[in-house]
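>>> Would you be able to build a 3D model of this:
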Amino acid sequence: MKQLIRRLSRVADSSNYTLLRADSAASQRCHHRRRRAESFRLAAAAKIRRSSAVVPEGHVPIYVGDEMERFVVCAELLNHPVFVKLLNESAQEYGYEQKGVLRLPCRVFVFERVLDALRLGLDARDVAELVNFSPEEFS
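I've put the predicted structure just below:
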């Protein structure tokens with residue numbers, strides 16, 4: 001029950017997070033900020049509703065760690081340098097012939113911290129340190 005309450009509180013607080021991508025126009029930032037906040041709310045809600053197989057448009061289901069915990073993340077996040085690195089590790093560990101949902105060889109706790117850091121708008125180098133990547137790779 002405590003886990004459910006923590007997850008629900010994350011959903012409620014997600015509207016306060018900044019953009020992951022910087023845009024030049026202030027109006028575009030507002031629009032993208034609302035859209036990004038909504039995508040994180042959807043991702044958190046999708047994580048809670050594990051029994052639901054429906055993935056919202058523009059999102060990707062991912063199994064993380066040995067526990068195979070299911071996350072639904074915005075597809076735009078897959079372009080982030082840390083996600084690219086995680087995807088490369090996934091290809092090395094599981095190969096390109098994976099069937100079904102994408103798997104990431106990362107601890108669930110670490111993956112949750114990466115998502116939190118991205119929501120807060122931390123630099124790619126700072127996020128890289130969470131997953132023990134060399135920050136120089138993200139210069």
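>>> Quick check: next helix or strand after the least confident helix or strand in the chain by mean pLDDT?
When each helix and strand of the chain is scored by mean pLDDT, DSSP states H and E, helix 26-48 comes last, with a mean of 56. Moving toward the C-terminus from helix 26-48, the next helix or strand (DSSP states H and E) is strand 59-64.
>>> Just the CA trace of that following strand, in CSV.
What follows is strand 59-64, C-alpha atoms only, in CSV (Å, rounded to 0.1, in the frame of the first residue of the first chain):
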residue,chain,number,x,y,z
HIS,A,59,4.9,5.7,-25.6
VAL,A,60,7.0,2.5,-25.4
PRO,A,61,6.7,-0.3,-22.9
ILE,A,62,10.1,-1.3,-21.4
TYR,A,63,10.9,-4.2,-19.0
VAL,A,64,13.7,-3.2,-16.6
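>>> That one: partners in the sheet, and parallel or antiparallel?
Strand 59-64 pairs in its sheet with strand 69-74 (antiparallel), strand 102-104 (parallel), by DSSP bridges.
>>> tell me the angle the helix or strand harbouring residue 88 makes with strand 69-74.
In the assignment (DSSP H and E), residue 88 maps to helix 81-94. When axes from the mean of the first three to the mean of the last three CA atoms, to 10 degrees is applied, the directions of helix 81-94 and strand 69-74 differ by 140 degrees.
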